[in-house]
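A.B. asks: got a sequence here, can you build the structure:
(one chain, ligands or ions: 1)
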Amino acid sequence: MNQSLSAIVQQLMASPKGLLAADESTKSCCKRFDTLKIACTDESRLQWRQLLCMSPNIELYISGVILYDETIRQQTDSGLTFAEALTKNGIIPGIKVDKGLVEMANFAPQTITEGLDGLAERLTEYYAMGARFTKWRSAFTIGVDLPSPAVVRANMAVMARYAAIVQAAGMVPIVEPEVIYDGDHSLAESGRATELVIKVLFEELAAMKVDLTGLILKTSMVLAGKDAADVSSPQQVADATLKVLNAAVPREVGGIVFLSGGQSPDQASNNLNAIGAIGTQPWPITYSYSRAVQEPALKIWHGNQNNIKKAQLKFAQLLARNSAARNGECA
Ligand code: 13P
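C.D. replies: Numbering: from 1, shown residues only. Okay, the predicted model is just below:
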């Protein structure tokens, strides 16, 4: 066990906090700005990320922020970089290091995640900037005979290589095999796909000798697809998700965090609350949301600096709610 990696994990997983995912690529960030007709420029993205990361009191709820390459290089109004300002506030800066999804040859439209080339050099630079953890995401869509076993295996092998390289650089890897919520699949199909990808991931991590105590799994919850006839109830989501995690995740893993994946803010916190209410699990569990904590605040901000305080208030309320939810203590 690497003591310094597990110390970072423990700080990131400390109750009642969670992680903020603010690592949308420029393309994804612009897509969200466009729907609200907010101009998408270096400067507007800087202002938005600053609104989030410098919100009053977020250190009560947030232990770490996952940044994007553009953001970690930008300076806040305080004259400090984002990584410096977060660290000063007791929040650990992290960085998304994958280079996104491309169609996998012979399996399109299924995808594989790129970004291993030059990764060690990029990590040296990010470490010097203050980042102490990283994120890498793969995505799997459920369908007839999907995801293909070969696509799962190839993605998880690359993800395990990423995790080994990150630990060698003295940073904590977050491994994120996302099972996509879009679709009309059932709760049971979501459970099967999620269990398969997580099991293959841990086989590949073992093969790469990754230290599981110095690693965080970021996963989707198990729930019926967005277009399914039946919406899964929070109790169904909690039971199905914990069943899969207990079947597939080794007990040594340092922590588990959830993505929100297109669930509404209420759904994401109600489902997390039901999971938290079931009680202690072999690993600490919390949230690492982007959309479910950002979108209501983004609508209020709307690119207008007069709205910053109101947007920050909404953002802090959402964080407080999810921090309560991780312990099953939502009102
Ligand atoms: P969402 O919470 O919007 O799913 O984003 C989390 C994330 O980090 C996706 O990679």
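
A.B. asks: who are the neighbours in contact with the closest residue to Ile38 other than its chain neighbours?
C.D. replies: Nearest non-adjacent residue to Ile38, counting by CB to CB, 6 or more residues apart in numbering: Gly303, 3.8 Å away. For every residue, glycine as well, the C-beta is placed using N, CA and C. Contacts were defined as CB atoms under 8 Å, 6 or more residues apart in numbering; by that measure Gly303 touches 33, 36, 38-39, 44, 47.

A.B. asks: same thing but 10 Å
C.D. replies: Remark: with contacts taken as CB atoms under 10 Å, 6 or more residues apart in numbering, Gly303 is in contact with 33, 36-41, 44, 47-48.

A.B. asks: which members of those are the farthest-apart pair?
C.D. replies: Using CB to CB, the two most remote members of the contacts of Gly303 are Lys37 and Gln47, lying 15.6 Å apart.

A.B. asks: more neighbours: which of those two?
C.D. replies: Comparing Lys37 with Gln47 by neighbour count (other CB atoms under 10 Å), the higher total belongs to Gln47, at 17 against 8.

A.B. asks: so what's that one closest to, chain neighbours aside?
C.D. replies: Gln305 (7.3 Å).

A.B. asks: what's the local residue count around that neighbour?
C.D. replies: For Gln305, the count of nearby residues is 9 (other CB under 10 Å).

A.B. asks: is it in contact with Gln312, as I believe?
C.D. replies: No: proximity of Gln305 to Gln312 does not meet the contact threshold set by CB atoms under 10 Å, at 11.7 Å.

A.B. asks: residue numbers of the stretch 1-150 of the chain in contact with the ligand?
C.D. replies: Contact residues, the stretch 1-150 of the chain versus the ligand (CB under 6 Å from any ligand atom): 21, 137.

A.B. asks: for the residue in the stretch 1-150 of the chain positioned nearest to the ligand, grab the count of nearby residues.
C.D. replies: The ligand sits closest to Ala21 of the stretch 1-150 of the chain, with a gap of 3.4 Å, by CB to the nearest ligand atom. By the other CB under 10 Å criterion, the neighbourhood of Ala21 contains 29 residues.

A.B. asks: same check on Asp117?
C.D. replies: With other CB under 10 Å as criterion, Asp117 counts 9.

A.B. asks: can you give me the pLDDT of it?
C.D. replies: As predicted, Asp117 sits at a pLDDT of 98.

A.B. asks: touching, it and Val97? I think so.
C.D. replies: No: the criterion here is CB under 10 Å, and Asp117 misses it with Val97 at 11.5 Å.

A.B. asks: please enumerate the strands of the stretch 1-150 of the chain.
C.D. replies: Counting by DSSP state E, counting those that start in this stretch, the stretch 1-150 of the chain has these strands, from start to end: 18-21, 62-67, 92-96, 101-103, 111-113, 133-140.

A.B. asks: between those, which gets nearest to Asn270?
C.D. replies: Across those, the minimum distance to Asn270, taken as CB to CB, is reached by strand 18-21, at 15.2 Å.

A.B. asks: show me what contacts the closest residue to Gln312 other than its chain neighbours?
C.D. replies: Closest residue in space to Gln312, ignoring its immediate chain neighbours: Ser55 at 4.2 Å, by CB to CB, 6+ apart. With CB under 10 Å, 6+ apart as the criterion, the residues that contact Ser55 are 20, 61-62, 297, 308-309, 311-316, 319.

A.B. asks: so which of the residues you listed are in helices?
C.D. replies: 297, 308-309, 311-316, 319 (DSSP state H).

A.B. asks: could I get those residues as a markdown table with distance to Ile275, neighbour count and pLDDT?
C.D. replies: As requested, the ones in helices among the contacts of Ser55 are exported to a markdown table (distance: CB to CB, whole Å; neighbours: other CB atoms under 10 Å; pLDDT from 0 to 100):
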| residue | distance to Ile275 | neighbour count | pLDDT |
| --- | --- | --- | --- |
| Ala297 | 24 | 25 | 98 |
| Ile308 | 33 | 18 | 98 |
| Lys309 | 32 | 14 | 98 |
| Ala311 | 28 | 22 | 98 |
| Gln312 | 27 | 20 | 98 |
| Leu313 | 27 | 15 | 98 |
| Lys314 | 24 | 20 | 98 |
| Phe315 | 22 | 24 | 98 |
| Ala316 | 22 | 19 | 98 |
| Leu319 | 17 | 24 | 98 |
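
A.B. asks: tell me the bridge partners for the residue of the stretch 1-150 of the chain closest to the ligand.
C.D. replies: Beta-bridge partners for Ala21, by DSSP bridges, are Ile66.

A.B. asks: from what I can see it touches Phe133, true?
C.D. replies: No: at 12.0 Å, Ala21 does not count as touching Phe133 under the criterion of CB under 10 Å.
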